[in-house]
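# Sequence and predicted structure are below.
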Amino acid sequence: MKNYFFASIIVALLSLPSFAQQTISETDKLSSLGKMYGFLKYYHPQVSSGSYNWDQEFFEIFPQVIKASDKPALSTVYLNWIESLGEVNECKRCDSEEDYFDKNFDLSWTQDTTLFTKHLTSKLKYIEDNRNLKENYYVSSEYLGQIKIINEPIYEGFEYPNEEFRLLGLFKYWNIIEYFFPYKYLTDQDWDSVLHDMIPKFKNAKNKSEYQNSIKELVAKLDDSHASINFNEQPKKFLPVMVSHIDGRAVISDFYSDSIAALNNLKLGDVILKVNGLDIEKETEKKLKYIAGSHQRYKMNRAYSLIAHGEENEVELTIQRDGEELQINAKRYDFSDFNYLNYLRQIKSKSISQDIGYINMAARFTFKEFDDIFKLFEDKAYIIVDLRAYPQNKYRMFTRYFNSERRVFAKKYTPDLSYPGKFVYKNNIKTNSSRKAFKGKFILLVNENSLSRAEFTAMAFQTADDVITIGNQTAAADGEVVVFDYLGGYKTTMTGNGVLYPDGTETQRKGVRIDIEVNPTIKGLRQGRDEVIEKAIEVANAKKE
């Protein structure tokens, strides 16, 4: 009898409307709106054709979504919206047997019955199955497969827009990444939860600074060394040195100009402790969540750069050198003052020993120059190929000297605009070859400055007949860069195509394969040593013996 009584109470309670339909939080409603805005934009045939002022549609639906209190009410808002957009005809060509790369694809939210009614989930599935296959008004493909964002209002001058515009900017960006970023599946934070977490930050941003920091944090969540956002800030001035994360410290690791660095009493291996009295490690920790990068070391290096460079012409540095702390007033310069590219390219090639040659891929070569170098080196046992800076886009021409036969070195996947969120594989990418290919062995040098094209070139050279790769983790961002506008006219970037080794291994977030890992040390820098090339010479000499 007692059990029967309690069962009756439970049944009665569940029958009450207040228990039957739970209210939906504002963040959940806005998250659903952001996803719905992007899904209809890229999938619905009438919307993706440009038949509607889609931003205006967003502003009109926004208050209705906020007002909806529960699942039936929210679903009714969306169903009425979809109904107003016109009929979606049955698509006879939407069934595809394409071999998709679909690790980024996830429309499971459209079937979430905890948030939507079955009527709405059915409607969304129908739109997916009968999606737009014609040209999309908002996105097109570039020659190499990466997307180009088109026909988007820029809203220039919106430094701190109102709440609706702030959220619109977030939703636009989130959906571009959702459907067209090839490495979304590799981000540290699930992209759905990024949207949920960022909505309150964009909604509650009290001023321009908070708003722009929210955008920086959003971009940083791509975990992509190609990702950036430019708020049209004043051009920075630069110290004449590069600062890197070495032995857990902020260390001067290279010069933009050795002569200008000497004028400012800055030396390799100097450990920077403070910048204008501020502890560099503490400042770095504050900045990291706003800095994009494929791995932690790359992010640290970017953070050091942001702290060391600035608008002021002079900066006070507290450095550690030979066990002592020194105060140095160093000058900052326009980057053009360093003539850095010429500094990088001043040596094209050289003979290290009778058996070892060296080629600096940062230099610029004509076909004849490259040919002459290999003729000069044809009797050597080893050629060290330095890829620790950005090379020319001539990897295919160069590979004829590396390979006696054509070899696949990469596979690429690009966004499929006919099925947003899915990607299609392109033809495998092959090297060139020649019967005159170098008969000796290659040693490739890479490090954290080996970015993008340098990594792609390294992949191509790694197919050589006999090759070994030495160095440390590369920047881990492989594939063409996409540049588009964030709401307000701010230029933002991301990696546009996916690149894999032939066996499917990613270089994104990992870097290229390395056979012998060598990291520079503070001690080595202070002694003026290039420890990576030293290791290469050691390996060459050992193998020769």
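Received it, and whenever you're ready, just let me know what you need. Numbering: from 1, shown residues only.
# So for the protein, the centremost residue is which one?
Centroid-nearest residue in the chain: residue 224, 2.3 Å away (criterion: Cα atoms, centre = their mean).
# Am I right that it sits in a strand?
No: counting by DSSP: H, G, I helix; E, B strand; the rest coil, residue 224 is not part of a strand but coil.
# would you list every one of the helices in the stretch 51-200 of the chain?
Secondary structure of the stretch 51-200 of the chain (DSSP state H, counting those that start in this stretch): helices at 54-67, 71-84, 118-129, 163-180, 191-204.
# winner for burial among those?
Of the helices of the stretch 51-200 of the chain, the one with the most neighbours on average (mean count of other Cβ atoms under 10 Å) is helix 163-180, at a mean of 22. Quick note: C-beta positions are derived from backbone N, CA and C, even for glycine.
# Summarise which helices and strands it is packed against.
helix 26-43, helix 54-67, strand 147-149, helix 191-204, helix 208-220, strand 481-486 (3 or more Cβ pairs under 8 Å, 6 or more residues apart in numbering; DSSP states H and E).
# possible to save those as CSV with mean pLDDT?
Listed next are these as CSV, based on pLDDT from 0 to 100:
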stretch, mean pLDDT
helix 26-43, 98
helix 54-67, 98
strand 147-149, 97
helix 191-204, 98
helix 208-220, 97
strand 481-486, 96
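# I'd like to know which of the ones you listed is closest to residue 110.
Judged by Cβ to Cβ, the one of the helices and strands packed on helix 163-180 that comes nearest to residue 110 is helix 26-43, at 6.9 Å.
# roughly how far is the closest one from the heart of the chain?
Relative to its parent chain, helix 26-43 has a centroid offset of 24 Å by Cα atoms, centre = their mean, to the nearest Å.
# mind saving the C-alpha coords of that helix as PDB?
What follows is helix 26-43, C-alpha atoms only, in PDB (Å, rounded to 0.1, in the frame of the first residue of the first chain):
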ATOM      1  CA  GLU A  26      20.000  31.100 -22.100                       C
ATOM      2  CA  THR A  27      23.400  29.800 -23.100                       C
ATOM      3  CA  ASP A  28      21.900  26.500 -24.400                       C
ATOM      4  CA  LYS A  29      19.400  28.500 -26.400                       C
ATOM      5  CA  LEU A  30      22.100  30.800 -27.900                       C
ATOM      6  CA  SER A  31      24.300  27.800 -28.600                       C
ATOM      7  CA  SER A  32      21.400  26.200 -30.500                       C
ATOM      8  CA  LEU A  33      20.900  29.500 -32.400                       C
ATOM      9  CA  GLY A  34      24.500  29.700 -33.400                       C
ATOM     10  CA  LYS A  35      24.500  26.200 -34.800                       C
ATOM     11  CA  MET A  36      21.200  26.700 -36.500                       C
ATOM     12  CA  TYR A  37      22.400  29.900 -38.100                       C
ATOM     13  CA  GLY A  38      25.400  28.200 -39.600                       C
ATOM     14  CA  PHE A  39      23.600  24.900 -40.600                       C
ATOM     15  CA  LEU A  40      20.900  26.700 -42.600                       C
ATOM     16  CA  LYS A  41      23.500  29.100 -44.000                       C
ATOM     17  CA  TYR A  42      25.500  26.400 -45.600                       C
ATOM     18  CA  TYR A  43      22.900  23.600 -46.100                       C
END
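# separation between residue 461 and residue 372?
Using Cβ to Cβ, to the nearest Å, residue 461 is found at 19 Å from residue 372.
# With neighbour numbers in mind, choose between those two.
Neighbour count, other Cβ atoms under 10 Å: between residue 461 and residue 372, residue 461 has more, with 25 against 13.
# Now do the contacts for the more buried one.
Contacts for residue 461 (Cβ atoms under 8 Å, 6 or more residues apart in numbering) come out as 385, 387, 395, 398-399, 402, 442, 444, 467.
# Can you pick out the ones from these that are in strands?
Here DSSP state E is the test, and the contacts of residue 461 give 385, 442, 444, 467 as lying in strands.
# now the residues you listed in CSV, with distance to residue 238, pLDDT and neighbour count?
Shown next, in CSV, are the ones in strands among the contacts of residue 461 (distance: Cβ to Cβ, whole Å; pLDDT from 0 to 100; neighbours: other Cβ atoms under 10 Å):
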residue, distance to residue 238, pLDDT, neighbour count
385, 29, 97, 27
442, 34, 97, 20
444, 29, 98, 28
467, 36, 97, 18
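# And this protein, what are its domain boundaries?
20-221, 241-333, 344-544 (automatic domain parsing).
# Now tabulate the ones you listed in a markdown table and tack on distance to residue 228.
Shown next, in a markdown table, are the domains of the chain (distance: least, Cβ to Cβ, whole Å):
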| stretch | distance to residue 228 |
| --- | --- |
| domain 20-221 | 7 |
| domain 241-333 | 6 |
| domain 344-544 | 5 |
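# For residue 232, which of these is the nearest?
When those are compared by Cβ to Cβ, domain 344-544 sits nearest residue 232, at 6.8 Å.
# Would you agree residue 242 falls within a strand?
Yes: applying three-state DSSP, one finds residue 242 inside a strand.
# Break down the stretch 351-500 of the chain into its helices, ranges please.
Using DSSP H, counting those that start in this stretch, the helices found in the stretch 351-500 of the chain span residues 367-376, 395-399, 453-461.
# Quick check: which of those helices is buried the most?
Greatest average neighbour count among these goes to helix 453-461 (a mean of 24), per mean count of other Cβ under 10 Å.
# so how far is that one off the chain centroid?
On Cα atoms, centre = their mean, the centre of helix 453-461 falls 17 Å from the chain's centre.
# Next, the angle strand 481-486 makes with it.
Calculated by axes from the mean of the first three to the mean of the last three Cα atoms, to 10 degrees, helix 453-461 forms an angle of 150 degrees with strand 481-486.
# thinking again about what came up before, closest one to residue 179 among the helices and strands packed on helix 163-180?
Among the helices and strands packed on helix 163-180, if distance is taken as Cβ to Cβ, the winner is helix 26-43, at 5.8 Å.
# gap between residue 57 and residue 84?
In this structure, residue 57 and residue 84 are 9 Å apart, going by Cβ to Cβ.
# my bad, residue 290
From residue 290 to residue 84 the distance is 40 Å (Cβ to Cβ).
# where in this protein is pLDDT low?
Across the chain, residues meeting the criterion (pLDDT under 70) sit at 1-21, 543-545.
# residues contacting residue 55?
153, 168.
# same check, this time on the one 5 residues further on
The contact partners of residue 60, taken as Cβ under 8 Å, 6+ apart, number zero.
# Stretch 332-352: end-to-end distance?
The first and final residues of stretch 332-352 sit 36 Å from each other (Cα to Cα, to the nearest Å).
# Could you do stretch 452-466 as well?
Per Cα to Cα, the first residue of stretch 452-466 is 23 Å away from its last.
# about what we covered before: and which of the ones in strands among the contacts of residue 461 is nearest residue 243?
Nearest to residue 243 out of these is residue 444 (Cβ to Cβ; 25.4 Å).
# what's the distance between that closest one and residue 208?
From residue 444 to residue 208 the distance is 46 Å (Cβ to Cβ).
# Tell me, how many residues neighbour residue 347?
There are 12 residues near residue 347, going by other Cβ under 10 Å.
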